[in-house]
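Enquirer: got a sequence here, can you build the structure:
(one chain, ligands or ions: 1)
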Amino acid sequence: MSVAEQTSRAEIGPTAERAADLSDSRPSIQLKELSLSYRQGGSEFRVLERIDLALAQDEFVCVLGPSGCGKSSLLNIIAGYLKPTGGTVAIDGEAHIEPTPQVGVVFQHANLFPWLTVAGNVEFGLRMAGMSKKERKQQAAHYIEMVGLEAAASRLPHQLSGGMKQRTALARTLATGPRIVLMDEPFSALDAQTRESMQEHVRRIWEQTRRCFFFITHDVDEALLLGRRIIVMQPNPGRIVHDFRNPLFPDAETPDSRTLRSDHTFAELRRQLVSLIAGG
Ligand SMILES: Nc1ncnc2c1ncn2[C@@H]1O[C@H](COP(=O)(O)OP(=O)(O)OP(=O)(O)O)[C@@H](O)[C@H]1O
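Expert: So this is what the prediction gives:
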């Protein structure tokens with residue numbers, strides 16, 4: 001590849017070049033003119049303003065932005081936990097206003113039931129949904145295997161490492177069959193080595209499931225290594241300032257982290273993203 005080609009590949013385009021518009025897949029989740037404000041004293045504090053976003057059913061989207069730009073608020077609205085002040089959220093054209101099994105969430109902390117084993121935690125939502133014992137055991141075993149925890153299925157949460165707890169949380173969320181999986185900085189409490197291994201797990205799981213993953217992170221490297229599409233937000237009020245396809249994934253192939261990091265464009269994309277997040 002020529003230097004000119006490498007440079008253009010590393011250029012982050014303007015917001016106008018919406019990644020969603022370039023997508024072949026039909027949108028699964030659609031946010032239109034979304035806004036969120038809180039009343040503080042006598043005045044209004046605008047957290048999110050005019051967010052328009054279409055998420056396709058098989059995308060891996062990473063959301064980056066400085067602290068306080070409204071990333072978690074946006075995720076909580078998509079999850080149905082928070083009601084926007086304005087605008088709409090729709091799943092397959094249907095208004096989405098409250099939590100539904102179609103939207104799964106993985107938080108920074110796994111929040112497992114301490115009295116249930118890994119298998120018990122993964123089965124819990126399935127039991128609540130009325131699935132038969134045999135079926136939910138099979139379903140849970142499938143997802144426990146997917147996250148690589150077969151050998152730990154009968155352990156209690158206090159017998160698990162941080163990474164294992166997060167893998168259990170991911171299996172629990174995936175087992176309920178959501179259309180979209182929202183993840184709010186799921187690896188930020190983990191050490192660097194565990195974090196890298198979790199990134200490989202998530203990348204492989206996305207490959208296998210091809211569901212929409214909406215992944216919030218503060219870590220530019222993490223976004224570049226995982227996100228096929230990257231969204232950058234800015235605060236005051238929180239809005240999307242960039243939304244682009246990650247040029248490190250030019251096709252359907254999913255190279256591993258080492259290959260991606262050694263790509264000529266990785267460092268340049270990283271530099272541009274750090275500058276964008278800093279408001280450059
Ligand atoms: N219940 C609330 N009342 C008033 N302001 C709130 C409330 N919840 C959030 N905010 C404000 O909304 C803004 C966005 O918060 P949010 O947690 O969504 O940001 P964030 O980008 O996820 O931040 P971080 O990266 O630090 O987690 C912040 O300024 C926060 O103080």
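Enquirer: only C-alpha atoms from now on, for both contacts and neighbour counts.
Expert: OK.
Enquirer: spell out which parts of the stretch 1-150 of the chain neighbour the ligand.
Expert: Residues of the stretch 1-150 of the chain lying close to the ligand (C-alpha under 6 Å from any ligand atom) are 38, 47, 66-73.
Enquirer: just these: which are in helices?
Expert: Here DSSP state H is the test, and those give 71-73 as lying in helices.
Enquirer: test my guess that residue 186 contacts residue 111.
Expert: No: with contacts counted by C-alpha atoms under 8 Å, residue 186 stays clear of residue 111, the gap being 11.5 Å.
Enquirer: before we move on, back to that, report the buried members of the residues of the stretch 1-150 of the chain next to the ligand.
Expert: For those, a burial check counting by 16 or more other C-alpha atoms under 10 Å picks out 47, 66, 69-73.
Enquirer: now pLDDT too, for those, in a markdown table please.
Expert: Converted to a markdown table, these look like this (pLDDT from 0 to 100):
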| residue | pLDDT |
| --- | --- |
| 47 | 95 |
| 66 | 92 |
| 69 | 94 |
| 70 | 95 |
| 71 | 95 |
| 72 | 95 |
| 73 | 96 |
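Enquirer: what's the closest of these to residue 125?
Expert: residue 72 (23.2 Å; C-alpha to C-alpha).
Enquirer: now do the same for the closest residue to that closest one other than its chain neighbours: its pLDDT.
Expert: Leaving aside its sequence neighbours, residue 72 sits nearest to residue 184 (C-alpha to C-alpha, 6 or more residues apart in numbering; 6.8 Å). pLDDT for residue 184: 94.
Enquirer: what's the answer for residue 188, then?
Expert: Taking residue 188 on its own, its pLDDT is 88.
Enquirer: what helix or strand is the residue nearest to it when sequence neighbours are not counted on?
Expert: In this structure, residue 188 finds its nearest non-sequential neighbour in residue 108, 6.5 Å apart by C-alpha to C-alpha, 6+ apart. Using DSSP states H and E, residue 108 is not contained in any helix or strand.
Enquirer: for the one 3 residues further on, same thing?
Expert: No secondary structure element spans residue 111, as it lies outside all helices and strands (assigned by DSSP H and E).
Enquirer: circling back to that earlier point, residue 226 versus the residue nearest to residue 72, what's the distance?
Expert: Residue 184 sits at a distance of 14 Å from residue 226 (criterion: C-alpha to C-alpha, to the nearest Å).
Enquirer: what's across from the residue lying closest to residue 44 once chain neighbours are set aside in the sheet?
Expert: Nearest residue to residue 44 in three dimensions, chain neighbours excluded: residue 38, at 5.8 Å (C-alpha to C-alpha, 6+ apart). As for beta bridges, residue 38 partners with residue 45 under DSSP bridges.
Enquirer: surely residue 38 touches residue 45?
Expert: Yes: the pair residue 38 / residue 45 is scored as a contact, 5.1 Å apart, by C-alpha under 8 Å.
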